[in-house]
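Asks: Sequence plus the predicted model coming up.
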Amino acid sequence: MAEATAVAPELRPLVPHLTLGATREEDYLNGSVCKNCGTKYVGPRLFCGKCSSAGPFETVKLASTGELHVFTIIHQATPYVEAPYIAAIVDLDGGGSVNTNIVGIEPKPENLKFGMKLKMFTEKVSEDKEGNSYVAYRFTPA
Amino acid sequence: MREVVVLGAGLHRFGRFPDKSLQDLGREAIKNALEDSGVPFPDIEVAYVGRVLAGMGAGLNVVSEMGQTGIPVINIEMACGSSTSAFREAYLSVASGIYDTALVVGFEKMQRGMLQISEGTSFQSVMGLAVMPASYALQAQRYMADYGATPEMFAQVSVKSHKAGALNPYAQYQKETTLEEVMASRMIADPITLLQCSPTTDGASAVVICAAEKSAKYAAKRQMTVAGWATGSGRYERKGEGNAEGEADAETGSSEVERLSKQAYERAGIGPEDVDVTQVHDAFSPGEIFMAEGLGLVPKGEGARAVWEGRTEISGDIPINTDGGLLSRGHPIGATGAAMVTEIFRQLTGEAGPRQVKGGKARVGLIHNAGIGGVNILVFKR
């Protein structure tokens, strides 16, 4: 029986719609555009939510900048995030919307304005039992 | 399709019952509903059971407590809307002529603490986005900016709900609260404080329905007719909205409720102005405000003011959640929908006691029950 080969720990995106580059500056969100109706999605799709066609879909790089669509301040800590923190939906420039955190400003409603300009950054957020690291994206005021 | 009537309804009190099993809860609700309806269990031809957290085949484990008559027992799950989904399936099976009598059951036993909507290591949890009140809070922030509503107006929903719950012997919370207490309770997701979140609850509910043409043989003193219904899920609306993990989907709002309630009103041959009493899904306080608007009971942007002015209280002109709603009656997720039907039955039959609206003259009742996966609207007439 062959010995199990030890696999070197990897750096992985926390979600499939985040593509990792050689450095964190080169990470980007990937999306897909339905060639039948033009709708742009975050991440890959097999069928279009709008026109129900099977595309075809073109894989695209999404913008790393966007505008604040809605937000709330969450005061309930989770095992991964310290409270209070900002949960938001950001509309990306050029299409696509993402659920995300906004950091780099004090989490108070008066610091947030609908439509305010934001930019994405990525960072390592967790590790699994095998030592693999996971990278996620967050937004900060542009 | 045949006319279908509700002959009876019953609950096991909502609350925390660590020493009781699902069977204990379900048996009592079913027994109460059967006695209320005058229909003996052997006459029940099919049971539809709304439940979420119990394991495989839980419906039969509970319903067979009443007797092993060999009927089909169908388990239904649509998260917080499970037992109105069960009601709808039961209704269709009787309206279509397949069965004459059907039992609708909802039950749940829940753990304390915040309901987890995704796995521990998912994107949503790692980013702290899997927090249930967040989706209501996101919309509430936008609503305040768009319509000038204040945090106090959302808090008032909870004050009103507790006032109604104090009159309901089946409610989890039977105690009034003040605006100051609601505002001072711990902030969860701005502007939603702890007392504006529905609790986790154990409970059970049951409803007996029958084909109108077959109902005369039962000793039911009174009945209400299923006048309209609509069920659906969200439509593709926003740019970029979809199902990818982490992709924005919190923007549900009231647009699907507008679309579905129109269908339900049309089937019932009424408009929102004809509704006398309403039960809506107030898992968090903004729910009552958004749904009052979505259902067309008040114009868009006027829901918060309607609550603030007392219009949605038991004594108001558009009474909502007269049994305390999810916030005070409690929210044992699978049991909530059939409990809404139970309250509308009490209201339309004039048996709601101190919670009775419009001097017992209410003729049309409306229900909005939502769960992850869809919305159920039901319209009843006396």
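Replies: Structure's in. What do you need?

Asks: show me where pLDDT drops low in chain B?
Replies: For chain B, applying pLDDT under 70 flags the ranges B:114-121, B:220, B:237-254.

Asks: quick one, helices of it?
Replies: Ranges of helices in chain B, per DSSP state H, are B:22-37, B:58-63, B:82-95, B:123-126, B:132-147, B:151-165, B:179-184, B:255-268, B:286-294, B:303-308, B:325-328, B:336-348.

Asks: closest to chain A out of the ones you listed?
Replies: helix B:132-147 (3.5 Å; CB to the nearest CB). Placement of C-beta: from N, CA and C, glycine included.

Asks: circling back: save the helices of chain B as a markdown table, and put in mean neighbour count and distance to residue B:230 too.
Replies: Below are the helices of chain B laid out as a markdown table (neighbours: other CB atoms under 10 Å in any protein chain shown; distance: least, CB to CB, whole Å):
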| stretch | mean neighbour count | distance to residue B:230 |
| --- | --- | --- |
| helix B:22-37 | 22 | 24 |
| helix B:58-63 | 22 | 25 |
| helix B:82-95 | 26 | 9 |
| helix B:123-126 | 22 | 29 |
| helix B:132-147 | 22 | 22 |
| helix B:151-165 | 25 | 24 |
| helix B:179-184 | 16 | 33 |
| helix B:255-268 | 19 | 4 |
| helix B:286-294 | 27 | 12 |
| helix B:303-308 | 24 | 20 |
| helix B:325-328 | 32 | 20 |
| helix B:336-348 | 29 | 14 |
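
Asks: mind checking which of those helices is nearest residue A:83?
Replies: Closest of those to residue A:83 is helix B:132-147, at 12.0 Å (criterion: CB to CB).

Asks: Can you name every helix or strand that the closest one contacts?
Replies: On a contact count with 3 or more CB pairs under 8 Å, 6 or more residues apart in numbering or on different chains; DSSP states H and E, helix B:132-147 meets strand A:65-74, strand A:85-92, strand B:187-189, strand B:192-193, helix B:286-294.

Asks: Can you show me the CA trace of it as PDB?
Replies: The C-alpha coordinates for helix B:132-147 follow below in PDB (Å, rounded to 0.1, in the frame of the first residue of the first chain):
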ATOM      1  CA  MET B 132     -30.900  36.500  10.800                       C
ATOM      2  CA  PRO B 133     -32.000  40.000  11.800                       C
ATOM      3  CA  ALA B 134     -29.400  41.500   9.400                       C
ATOM      4  CA  SER B 135     -31.600  41.200   6.300                       C
ATOM      5  CA  TYR B 136     -34.500  43.000   8.100                       C
ATOM      6  CA  ALA B 137     -32.000  45.600   9.500                       C
ATOM      7  CA  LEU B 138     -30.500  46.300   6.000                       C
ATOM      8  CA  GLN B 139     -34.000  47.100   4.700                       C
ATOM      9  CA  ALA B 140     -34.900  49.000   7.900                       C
ATOM     10  CA  GLN B 141     -31.900  51.400   7.500                       C
ATOM     11  CA  ARG B 142     -32.900  52.000   3.900                       C
ATOM     12  CA  TYR B 143     -36.600  52.500   4.900                       C
ATOM     13  CA  MET B 144     -35.600  55.100   7.600                       C
ATOM     14  CA  ALA B 145     -33.600  57.000   5.000                       C
ATOM     15  CA  ASP B 146     -36.300  56.900   2.400                       C
ATOM     16  CA  TYR B 147     -39.400  57.600   4.500                       C
END
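
Asks: how far out from the middle of the chain is that helix?
Replies: Helix B:132-147 has its C-alpha centroid displaced from the chain centroid by 21 Å (CA atoms, centre = their mean, to the nearest Å).

Asks: Go ahead and name everything in contact with it.
Replies: The contact list for helix B:132-147 (CB atoms under 8 Å, 6 or more residues apart in numbering or on different chains) reads A:70-72, A:74, A:87-89, A:109, A:114, B:114-115, B:117, B:149-151, B:154, B:188-192, B:196-197, B:250-253, B:283-287, B:289-290, B:301-302, B:304.

Asks: Mind doing that once more with 7 Å?
Replies: If you take CB atoms under 7 Å, 6 or more residues apart in numbering or on different chains as the criterion, helix B:132-147 is touched by A:70-72, A:74, A:87, A:89, A:109, A:114, B:114-115, B:117, B:149-150, B:154, B:188-192, B:197, B:250, B:253, B:284, B:286-287, B:290, B:301, B:304.

Asks: returning to what we had before: save the helices and strands packed on helix B:132-147 as JSON lines, and put in distance to residue B:70 too.
Replies: Shown next, in JSON lines, are the helices and strands packed on helix B:132-147 (distance: least, CB to CB, whole Å):
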{"stretch": "strand A:65-74", "distance to residue B:70": "50"}
{"stretch": "strand A:85-92", "distance to residue B:70": "50"}
{"stretch": "strand B:187-189", "distance to residue B:70": "47"}
{"stretch": "strand B:192-193", "distance to residue B:70": "47"}
{"stretch": "helix B:286-294", "distance to residue B:70": "40"}
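
Asks: Any idea which of these gets closest to residue B:60?
Replies: It's helix B:286-294; of these, that one is closest to residue B:60 (CB to CB) at 32.4 Å.

Asks: by contact count, what packs against that closest one?
Replies: The contact analysis (3 or more CB pairs under 7 Å, 6 or more residues apart in numbering or on different chains; DSSP states H and E) places helix B:286-294 against helix B:132-147, helix B:151-165, helix B:255-268, helix B:303-308.

Asks: Tell me what angle it forms with helix B:151-165.
Replies: In terms of direction (axes from the mean of the first three to the mean of the last three CA atoms, to 10 degrees), helix B:286-294 departs from helix B:151-165 by 90 degrees.

Asks: now helix B:286-294 against helix B:132-147, angle please.
Replies: Interaxial angle, helix B:286-294 versus helix B:132-147 (the same axes, to 10 degrees): 50 degrees.

Asks: mind saving the C-alpha coords of helix B:286-294 as CSV?
Replies: Provided in CSV are the C-alpha atoms of helix B:286-294 (Å, rounded to 0.1, in the frame of the first residue of the first chain):
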residue,chain,number,x,y,z
PRO,B,286,-39.7,45.8,10.7
GLY,B,287,-41.7,42.8,9.3
GLU,B,288,-45.0,44.2,10.4
ILE,B,289,-44.3,47.6,8.8
PHE,B,290,-43.0,46.2,5.5
MET,B,291,-45.8,43.7,5.2
ALA,B,292,-48.6,46.1,6.0
GLU,B,293,-47.4,48.0,3.0
GLY,B,294,-46.7,44.9,0.8
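
Asks: just the strands in chain A please.
Replies: For chain A, the strands defined by DSSP state E cover A:11-13, A:18-19, A:28-34, A:40-42, A:57-61, A:65-74, A:85-92, A:97-102, A:117-127, A:133-141.

Asks: Including distance to chain B, mean pLDDT and mean neighbour count, could those go into JSON lines?
Replies: Formatted as JSON lines, these follow (distance: least, CB to the nearest CB, whole Å; pLDDT from 0 to 100; neighbours: other CB atoms under 10 Å in any protein chain shown):
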{"stretch": "strand A:11-13", "distance to chain B": "10", "mean pLDDT": "93", "mean neighbour count": "14"}
{"stretch": "strand A:18-19", "distance to chain B": "8", "mean pLDDT": "96", "mean neighbour count": "19"}
{"stretch": "strand A:28-34", "distance to chain B": "8", "mean pLDDT": "96", "mean neighbour count": "22"}
{"stretch": "strand A:40-42", "distance to chain B": "4", "mean pLDDT": "90", "mean neighbour count": "26"}
{"stretch": "strand A:57-61", "distance to chain B": "12", "mean pLDDT": "97", "mean neighbour count": "14"}
{"stretch": "strand A:65-74", "distance to chain B": "4", "mean pLDDT": "94", "mean neighbour count": "23"}
{"stretch": "strand A:85-92", "distance to chain B": "4", "mean pLDDT": "93", "mean neighbour count": "25"}
{"stretch": "strand A:97-102", "distance to chain B": "4", "mean pLDDT": "91", "mean neighbour count": "24"}
{"stretch": "strand A:117-127", "distance to chain B": "6", "mean pLDDT": "94", "mean neighbour count": "16"}
{"stretch": "strand A:133-141", "distance to chain B": "6", "mean pLDDT": "95", "mean neighbour count": "19"}
